[in-house]
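Trainee: what's the 3D shape of this:
(one chain, ligands or ions: 1)
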Amino acid sequence: MDVAQGILSQVAARPSIKVHGRKRSHRLSIQGQHLLEGLLPLLSVPLALAAQEPAQLFGQSCRNVWLEIGFGDGGHLAWCAAANPEIGVIGCEPYVNGVARALETIQAKGLGNIRIHPGDARDLLAVLPEKAVARVFILFPDPWPRKRHHKRRFISMENLNALAHVMQPGSELLFASDSEEYCEWTLAHIRSHPDFTEGVHERGDAPVTKYEAKARAAGRLPTYLRFVRE
Ligand SMILES: C[S@@+](CC[C@H](N)C(=O)[O-])C[C@H]1O[C@@H](n2cnc3c(N)ncnc32)[C@H](O)[C@@H]1O
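Mentor: A predicted model of the protein is given here:
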């Protein structure tokens with residue numbers, strides 16, 4: 001079993017509602033395979049350590065820990081880490097090809113402040129200590145447009161409870177989507193959750209993600225939502 005298959009079998013072992021789409025698409029490049037075998041084990045988040053003190057994953061210069069859920073090809077993750085060297089950024093992504101792309105960028109840019117959970121973010125949220133995270137990004141999560149698939153959406157009361165537990169008071173949850181209906185769903189969940197308040201809508205200066213670019217190319221204008229953990 002190669003490394004990618006090992007990751008897939010870990011993800012598959014989770015007994016829970018399926019929330020993510022494909023975990024692997026086209027064949028990995030040789031470089032991607034090498035990075036999954038060589039670099040990923042060095043950057044993977046050991047859940048036992050994350051459960052104690054996630055800042056320790058990054059060394060002494062780490063001032064705060066941020067989390068990106070569903071980083072896709074890692075473009076935004078890498079931008080965040082490069083722009084904020086004093087921050088430790090943990091990215092969660094079960095899509096193996098995306099993890100391999102992110103590793104390529106991390107290596108090419110020499111980024112030392114990224115750690116990866118190559119799986120379902122819910123597994124990490126379940127172990128992180130209370131108030132461990134200072135900012136969370138959920139950018140263009142799978143919209144699951146069909147009604148019977150709504151239960152797969154990452155935004156749910158259960159996941160908001162888990163986020164509220166790990167987020168510091170005053171910290172931000174940044175959400176973006178090109179699905180108007182998913183934005184309304186998210187706003188409705190946030191408004192009925194006691195621990196989050198709705199902030200202003202703002203795009204910021206982050207780079208355009210792969211899915212944001214797809215949405216814009218198709219003429220769908222994304223919405224950016226900022227929520228604050230009270
Ligand atoms: C539509 S893509 C967006 C990727 C990227 N954020 C972007 O904007 O280009 C959604 C990503 O979320 C990931 N994802 C879905 N459920 C997840 C979960 N429970 N934990 C971590 N990532 C998840 C998927 O594998 C997919 O790569």
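Trainee: wait, what's in contact with the nearest residue to A126 once chain neighbours are set aside?
Mentor: Excluding its sequence neighbours, the residue lying closest to A126 (C-beta to C-beta, 6 or more residues apart in numbering) is A162, at 6.8 Å. All C-beta spots, glycine's among them, are computed from the backbone N, C-alpha and C. A162 is in contact with 122, 125-126, counting by C-beta atoms under 8 Å, 6 or more residues apart in numbering.
Trainee: Keep only those of those that are in helices.
Mentor: Taking DSSP state H, the ones among the contacts of A162 that sit in helices are 122, 125.
Trainee: any chance you could read off phi and psi for the residue nearest the centre of the chain?
Mentor: For the chain, I69 is the residue whose C-alpha lies nearest the centre (C-alpha atoms, centre = their mean; 1.3 Å). Per-residue torsions, I69: phi -100, psi 120 (degrees, to the nearest 10).
Trainee: The residue nearest to A126 and D195: what is the separation?
Mentor: Noted for A162: a distance of 11 Å to D195, by C-beta to C-beta, to the nearest Å.
Trainee: Same check on S61?
Mentor: According to C-beta to C-beta, S61 and D195 sit 30 Å apart.
Trainee: Between the two, which has more neighbouring residues?
Mentor: Neighbour count, other C-beta atoms under 10 Å: between S61 and D195, D195 has more, with 16 against 12.
Trainee: what comes up buried for stretch 120-133?
Mentor: Using 16 or more other C-beta atoms under 10 Å as the test for burial, stretch 120-133 gives 120-125, 127-128, 132-133.
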